[in-house]
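Participant: need coordinates for the below:
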Amino acid sequence: MTTIAANLQAVHARIAAACAAAGRDPAGVSLLAVSKTWPAQAVRAAADCGQRAFGESYVQEATAKIAALADLDLDWHFIGPLQSNKTRPVAEHFSWVHSIERVKIAERLAAQRPAGLAPLQVCLQVNVSGEASKSGCAPEQAPGLAREIAALPNLVLRGLMAIPEPSDDAALQRRRCAALRGLRERIAGECGCALDTLSMGMSHDLEAAIAEGATVVRVGTAIFGSRF
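Facilitator: Numbering: from 1, shown residues only. Sure, this is the predicted structure:
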């Protein structure tokens, strides 16, 4: 068994154990393999093990990788900060964007989504830990932004995403994830949006995220190894 295959097996076991502890069906949690900075052959190795959803953060790197792996049926998710001048290739090549934090970016993605493609699935990124260095809108801005994004054509607002501050404190991990879950419930109630996605949890905190309702966990290091 290759290292990536063994790592994927271990991550799936962690997800299953976390779901069992939370009384959840593992089928309700999707694994997004964060392949940013890793070469196409690493993605291919993961795909050979059945992994289909991959997360990228750098547009130029991602589009080259997507082209190199065009023979595979993969689901590409953009998860990094997105600048206005980079929205077109994302609109053209990705099926999901998790990191929308401004209406302007959503408007550009909606306008640039090719007519022949299905609507772009999107999440609103929220800065639940209030870090100045982190992307994401402030929690109090999220309901208004969600309403504006949900009204745009060629996009489907699926839910919320967060990247809480790294911490070994399991209670803090859960509080941050619970805050995002509560915000999703509030927005769904106020906006009448069927928000079914909570994109939260990474290699170090996926158990806390699953306990608080994550539907997508974004895992890189635990699958591909540490970046240099």
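
Participant: every contact and neighbour count from this point should use C-alpha atoms.
Facilitator: Fine.

Participant: so Val219 makes contact with Ser199?
Facilitator: No: counting by Cα atoms under 8 Å, Val219 does not reach Ser199; the two are 11.0 Å apart.

Participant: of the two, which one has the most company?
Facilitator: For Val219 versus Ser199, the count of surrounding residues by other Cα atoms under 10 Å is larger for Ser199: 31 against 24.

Participant: hmm, who's touching stretch 160-180?
Facilitator: Applying Cα atoms under 8 Å, 6 or more residues apart in numbering, the contact partners of stretch 160-180 are 98-99, 123-129, 131, 134, 136, 184, 197-201, 204-205, 208-209, 211-214.

Participant: which of those fall within helices?
Facilitator: 184, 208-209, 211 (DSSP state H).

Participant: so in terms of bridging, what pairs with Leu157?
Facilitator: Assessed by DSSP bridges, Leu157 has beta-bridge partners Val122.

Participant: and it, how far is that from Pro119?
Facilitator: The spacing between Leu157 and Pro119, counted by Cα to Cα, to the nearest Å, is 10 Å.

Participant: neighbour count winner among those two?
Facilitator: With neighbours defined as other Cα under 10 Å, Leu157 and Pro119 compare such that Leu157 has more, 25 against 18.

Participant: from memory Ala46 sits against Asn7, does it?
Facilitator: No: judged on Cα under 8 Å, Ala46 makes no contact with Asn7 at a distance of 9.6 Å.

Participant: the two: which has the busier surroundings?
Facilitator: More neighbours surround Ala46 than the other of Ala46 and Asn7, with 24 against 18 (other Cα under 10 Å).

Participant: just the element for that one, please.
Facilitator: Here Ala46 sits within helix 40-48, counting by DSSP states H and E.

Participant: what comes up buried for the very next helix or strand once past that helix?
Facilitator: Using DSSP H and E, the helix or strand that follows helix 40-48 in sequence is strand 53-56. Within strand 53-56, the residues that count as buried by 16 or more other Cα atoms under 10 Å are 53-56.

Participant: hmm, who's touching the next helix or strand after strand 53-56?
Facilitator: Sequence-wise, the next helix or strand downstream of strand 53-56 (DSSP H and E) is helix 59-68. The contact list for helix 59-68 (Cα under 8 Å, 6+ apart) reads 36-37, 39-40, 56, 86, 89-90, 93.

Participant: 6 Å instead?
Facilitator: Ala40 (Cα atoms under 6 Å, 6 or more residues apart in numbering).
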